[in-house]
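*Asks:* here is a sequence together with a model predicted from it:
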Amino acid sequence: MPGDLYSITSTIDLPNDPEGRSYPRFGLGVYVTEPGAETYNAVTWALEAGYRHIDGAEWYENEEDCGRAINDFIKKSGVPRSDIFFTTKLMHNRTDPAWVTKCVDVSLEKAGLDYIDLYLIHDPTGGPDVRAAMWEGCCQVRDTGKVRAIGVSNFGVKHLEDLLARKPKYAPAVNQVDLHPFMTRNDLVAYCESQRIVLEAWAPLVRGMRFKHPVVVELAKKYNKSPAQVLIRYGLDRGFIVIPKSTKKERIVDNAQVFDFTLDQDDVDRLTGLDERLVTDWFVTEVE
């Protein structure tokens, strides 16, 4: 909330996690980051800049590069594995819960890691029964210790209501979704907060589409920050986990310079008022 500066390693509690774990509020997203050197370099630069949260996915085809960069950084820096949090996601939904364990094993092998910190169902497609089966699989694999926390991505209110109505063993700890001043999803945010589901913003920079918006420009001048930094800070001040994506070293560093200021509540409200349901990429939160 406004007034809390946090730091690059600050964490947020996951109320729905049985172990009471917490997760870094700030991280690097690697969506549409090319497999190979581009991903390896971006993750390495982020870790060197103090990031401790890397958000990957099977769909991105760069889990191997994320894991290699993490392991190399650990060897070089002496930072313990427990200080670095890696997320990955289930690529395809199926009908058999055992499918999740198979996919987790593949992701672990690719990344060269002993466990995954947060595992998400990447999308809600397939219908209520398929979503329930995949969530059952997530609960099962969580009990093996191969993943530490579980959640969902791109789920809308109806998807979450359907899932929770079945009384699963665990409720989702996180819902990662497109969140920014131009896609505020107020109903979804309110619902997740009511169910203690932590929200994670996967496109906090609006993919650069609104850097020149007059209000964003005005606030950047007011706080002596860049438009990107204002948008990242907005997500932090809303209480979200925020995972800006970049492949440029200087931008990765600049994106982390958001812990020396907060937005006034009036400015947070003003930004929230800019909602236009802007779809920057994938929009599946309303599928059946």
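*Replies:* Structure's in. What do you need?

*Asks:* drop to CA atoms for contacts and neighbour counts, all remaining ones
*Replies:* Fine.

*Asks:* any chance you could map the strands in this protein?
*Replies:* All strands of the chain, identified by DSSP state E, fall at 11-13, 22-24, 28-29, 53-55, 85-90, 116-121, 147-153, 174-177, 198-201, 241-242.

*Asks:* could you identify which of those is most buried?
*Replies:* strand 241-242 (a mean of 28; mean count of other Cα atoms under 10 Å).

*Asks:* related to what we said a few turns ago, dump the strands of the chain to CSV, plus mean pLDDT.
*Replies:* Formatted as CSV, the strands of the chain follow (pLDDT from 0 to 100):
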stretch, mean pLDDT
strand 11-13, 97
strand 22-24, 97
strand 28-29, 98
strand 53-55, 98
strand 85-90, 98
strand 116-121, 98
strand 147-153, 98
strand 174-177, 98
strand 198-201, 98
strand 241-242, 98
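
*Asks:* could you dump the ones you listed to CSV with distance to residue 234?
*Replies:* Shown next, in CSV, are these (distance: least, Cα to Cα, whole Å):
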stretch, distance to residue 234
strand 11-13, 16
strand 22-24, 16
strand 28-29, 16
strand 53-55, 19
strand 85-90, 22
strand 116-121, 23
strand 147-153, 20
strand 174-177, 15
strand 198-201, 11
strand 241-242, 9
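
*Asks:* relative to residue 134, which of those is closest?
*Replies:* strand 116-121 (7.4 Å; Cα to Cα).

*Asks:* how about the CA coordinates for the closest one, as PDB?
*Replies:* Output of strand 116-121 as PDB, limited to C-alpha atoms (Å, rounded to 0.1, in the frame of the first residue of the first chain):
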ATOM      1  CA  ILE A 116      10.100 -25.100  -8.100                       C
ATOM      2  CA  ASP A 117       9.100 -22.300  -5.800                       C
ATOM      3  CA  LEU A 118       5.800 -21.500  -7.400                       C
ATOM      4  CA  TYR A 119       3.900 -23.600 -10.000                       C
ATOM      5  CA  LEU A 120       0.900 -22.100 -11.900                       C
ATOM      6  CA  ILE A 121      -1.700 -23.500 -14.200                       C
END
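
*Asks:* strands paired with that strand, and their directions?
*Replies:* Sheet pairing for strand 116-121, assigned by DSSP bridges, gives strand 85-90 (parallel), strand 147-153 (parallel).

*Asks:* please convert those to TSV, extending it with distance to residue 75.
*Replies:* Listed next are those as TSV, based on distance: least, Cα to Cα, whole Å:
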stretch	distance to residue 75
strand 85-90	16
strand 147-153	22
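
*Asks:* so for residue 14, which of those sits nearest?
*Replies:* Going by Cα to Cα, the one of those nearest residue 14 is strand 147-153, 8.7 Å.

*Asks:* circling back to that earlier point, looking at the strands of the chain, which is nearest to residue 272?
*Replies:* Per Cα to Cα, nearest to residue 272 of the strands of the chain: strand 198-201, 14.0 Å.

*Asks:* show residues contacting the closest one.
*Replies:* The contact list for strand 198-201, computed with Cα atoms under 8 Å, 6 or more residues apart in numbering, reads 14-15, 173-180, 189, 192, 235, 239-243.

*Asks:* kindly recompute the last result at 7 Å.
*Replies:* The contact list for strand 198-201, computed with Cα atoms under 7 Å, 6 or more residues apart in numbering, reads 14, 173-179, 192, 240-243.

*Asks:* what strands flank it, and is each parallel or antiparallel?
*Replies:* strand 174-177 (parallel), strand 241-242 (parallel).

*Asks:* redo the ones you listed as TSV? Include distance to residue 116.
*Replies:* Formatted as TSV, the strands paired with strand 198-201 follow (distance: least, Cα to Cα, whole Å):
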stretch	distance to residue 116
strand 174-177	14
strand 241-242	17
